[in-house]
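Asks: Give me a 3D structure for the following:
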Amino acid sequence: MSAAPVVLRVHNLRKSFGDIAVLRGLDLELREHEVVALIGPSGSGKSTLLRCIDLLEPIDDGVIELRGDDISDPRVDADATRARFGVVFQHFNLFPHLSVLDNVTLASRVVHGRPKAQAEERGMELLARIGLAEKAKEHPDRLSGGQQQRAAIVRAVATDPEVLLLDEITSALDPMLVGEVLELVRDIAADGTTILMATHEMAFARDVAHRVLFLDGGQIVEQGPARELFANPREARTREFLARFQA
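Replies: The predicted model follows:
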C-alpha cells in the first residue's frame, strides 16, 4: 500500500465551532485503493473531519489536497470538487419522490453528464449486485432501513468517486440490518475503492481497514495497521477506548 500514490492529504487541519476546538492540527494521508477507518469517542472530530474534506464545513486553517489539488483554497469550485467524492452519511438521504433507480443514477446524469441509458445500465448492474434490482422502480419508503442504506452506498459508488467517505453509516440502523450494509462495504473495499470511513464497528474496522486512526480531542492519538493497532495499542487512551468493546 505504501507504494500507491497519495489520493488525499490533510495537513494541520483546524476547525472550531465558536470557542470549541473540534479539530486541532490534524494530519493524514490516504493512498489509492486504501481503506482507512477513523475510530474514537463521540465528539472526537470524526464526522467534522469528513465534512471538512467534502467542503461541507469551512476550515479555519490547514490544507486539504485531492490528488495534488488544493481543494481548501477558497477559490475552488466546491460543487465540482464534491463531485469527485462519494459520500454516505448516517441517514440515508434518498430523495423520497424518486425511484430507487433514479436516486442511484441522479448524480451520474445531472452532475457528471452521463447519458441516461448508460447511467441506468450501471445503476441496474449495481442494484442487481446487492439484490435490489427488483426494487429499482420502488420509492425509498418501500425499502427497509438496511436496503435504503445499501442503495445510498450504491448511489455514492455509481459515479466512480476518487474517494468514498463513509460517516457512521450503520449508526441509524436496527442491529439486525447492520451486517448487510457492512458486507456491501466489504465488497466495495475488495474492489479496490479508496475509502475513508468513520465507524463505531470495531470488528469491521479491524477486519476491513488497512489502517486505523484513533481520534480523541480533535487529534490523531495513534494510528497504524488495523490488526496491529487493535492487538497492541501503544497509547493509554487507545487502550482505554478499545477496552470498552472487548467482551
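Asks: and after the longest helix along the chain, which helix or strand comes next?
Replies: Counting by DSSP state H, the longest helix found in the chain is helix 175-190. Using DSSP states H and E, the next helix or strand after helix 175-190 towards the C-terminus is strand 195-198.
Asks: Residues contacting that following strand, please?
Replies: Residues outside strand 195-198 that contact it (C-beta atoms under 8 Å, 6 or more residues apart in numbering): 8, 30, 34-39, 46-47, 49-50, 53, 163-169, 185, 188-189, 205, 209. (Each C-beta comes from the backbone N, C-alpha and C, glycine too.)
Asks: Distance from the chain centre to that strand, please.
Replies: A distance of 4 Å separates the centroid of the chain from that of strand 195-198, by C-alpha atoms, centre = their mean, to the nearest Å.
Asks: other SSEs contacting the longest helix of the chain?
Replies: helix 145-157, strand 195-198, helix 202-208 (3 or more C-beta pairs under 8 Å, 6 or more residues apart in numbering; DSSP states H and E).
Asks: Which residues does the helix or strand that comes right after the longest one contact?
Replies: The one in question is helix 145-157. Next along the chain after helix 145-157, taking DSSP H and E as the criterion, comes strand 163-167. Contact with strand 163-167 is made by 7-8, 30, 46-47, 50-51, 53-54, 66, 84-90, 153, 156-157, 185, 188, 193-199, as judged by C-beta under 8 Å, 6+ apart.
Asks: Then stretch 90-106?
Replies: Contacts for stretch 90-106 (C-beta under 8 Å, 6+ apart): 116, 119-120, 122-124, 126-127, 132, 135-141, 143, 145, 148-149, 151-152, 154-155, 158, 167-169, 171-172.
Asks: tell me how far it is from the chain's mean position?
Replies: Offset of stretch 90-106 from its chain centre (C-alpha atoms, centre = their mean): 17 Å.
Asks: And that stretch, what's buried?
Replies: The neighbour-count check on stretch 90-106 (16 or more other C-beta atoms under 10 Å) flags 90, 92, 94, 99-106 as buried.
Asks: For the nearest residue to residue 192 once chain neighbours are set aside, grab phi and psi.
Replies: Using C-beta to C-beta, 6 or more residues apart in numbering and skipping the chain neighbours, the partner closest in space to residue 192 is residue 33 (4.4 Å). As for residue 33, its main-chain torsions (degrees, to the nearest 10) stand at phi 70, psi 10.
Asks: Tally up the residues packed near residue 33, please.
Replies: 16 (other C-beta atoms under 10 Å).
Asks: just the one 5 residues further on next, same as before
Replies: As a burial measure, residue 38 scores 26 neighbours (other C-beta under 10 Å).
Asks: Go ahead and confirm it touches residue 49.
Replies: Yes: the criterion here is C-beta atoms under 8 Å, and residue 38 meets it with residue 49 at 6.8 Å.
Asks: Residues that sit against both of those two, list them.
Replies: With C-beta under 8 Å, 6+ apart, residue 38 and residue 49 have common neighbours 198, 215.
Asks: quick one: which of the helices and strands packed on helix 175-190 is nearest residue 220?
Replies: Nearest to residue 220 among the helices and strands packed on helix 175-190 is strand 195-198; the distance by C-beta to C-beta comes to 12.8 Å.
Asks: Partner strands of that closest one, with direction?
Replies: Sheet partners assigned to strand 195-198 using DSSP bridges are listed as strand 35-39 (parallel), strand 163-167 (parallel).
Asks: Tell me the helix or strand right after the first one.
Replies: Yep, that's strand 35-39 we're talking about. Downstream of strand 35-39, the first helix or strand assigned by DSSP H and E is helix 46-53.
Asks: For that following helix, name the packing helices and strands.
Replies: Using 3+ C-beta pairs under 8 Å, 6+ apart, helix 46-53 is in contact with strand 6-17, strand 20-31, strand 35-39, strand 163-167, strand 195-198.
Asks: Nothing else from me, thank you.
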